[in-house]
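*Asks:* pasting the sequence and the predicted model now:
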Amino acid sequence: MLYWEDFTIGQTLEFGSYLVTEKETIEFAREFDPQPFHIDRVAAAEHYYGGIIASGWHTGAMCMRMMVDGYLHDSASVGSPGIETLRWKSPVRPGETLHVNAEVLDKSLPKSMPELGFIKFSHTVFNQLGEVKMTLVSSGMFLKDPARITTTEASE
């Protein structure tokens, strides 16, 4: 189990191997972002991007899945207060395999919630060729390790 104390500023995590399929790309877009270049092969081929591309929101969802599988599932995460920046750098296409590099940018302890801390991460999504597809800066909230809380902290 990873707690707030287990993350250090400058630490990097690499994870994921997510194959983007045309079927999933179209299904996601039909439900959440039904623009022609996401759902219609003919229209997409004639569009600026020259073929089906994943919705940026789908790219974000794939990143989130890799984050959960990569470290959040085995952590004391209690959610996130939000995203600072999200940038779609280049289109994600069916057939690409995505992976993520995460870096711990900062850590903080709120006085109002002594049982948890905040961790600011920078996530970069790459394809199999090393091309940057998306960047994301966000914070996560993680419980502090009860075994490492000092008597002084517990009484505050």
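*Replies:* Everything's here; your move. Numbering: from 1, shown residues only.
*Asks:* list the contacts of the residue nearest to residue 144 when sequence neighbours are not counted.
*Replies:* Distance criterion C-beta to C-beta, 6 or more residues apart in numbering; nearest residue to residue 144, sequence neighbours excluded, is residue 4 at 5.0 Å. For glycine as for every other residue, the C-beta is placed from the backbone atoms N, C-alpha and C. Neighbouring residues of residue 4 by C-beta atoms under 8 Å, 6 or more residues apart in numbering: 76, 107, 109, 116-117, 119, 142-145.
*Asks:* do that again at 6 Å, thanks
*Replies:* Listed by C-beta atoms under 6 Å, 6 or more residues apart in numbering, the contact partners of residue 4 are 117, 142, 144.
*Asks:* give me the buried subset of those.
*Replies:* Neighbour counting with 16 or more other C-beta atoms under 10 Å marks 117, 142, 144 as buried within the contacts of residue 4.
*Asks:* okay, residue 114: pLDDT?
*Replies:* For residue 114, the pLDDT comes out at 89.
*Asks:* in three-state terms, label it for me.
*Replies:* For residue 114, the assignment made with DSSP: H, G, I helix; E, B strand; the rest coil gives coil.
*Asks:* give me phi/psi at it?
*Replies:* phi -70, psi -10 (degrees, to the nearest 10).
*Asks:* swap in residue 19?
*Replies:* According to degrees, to the nearest 10, residue 19 has phi -80, psi 120.
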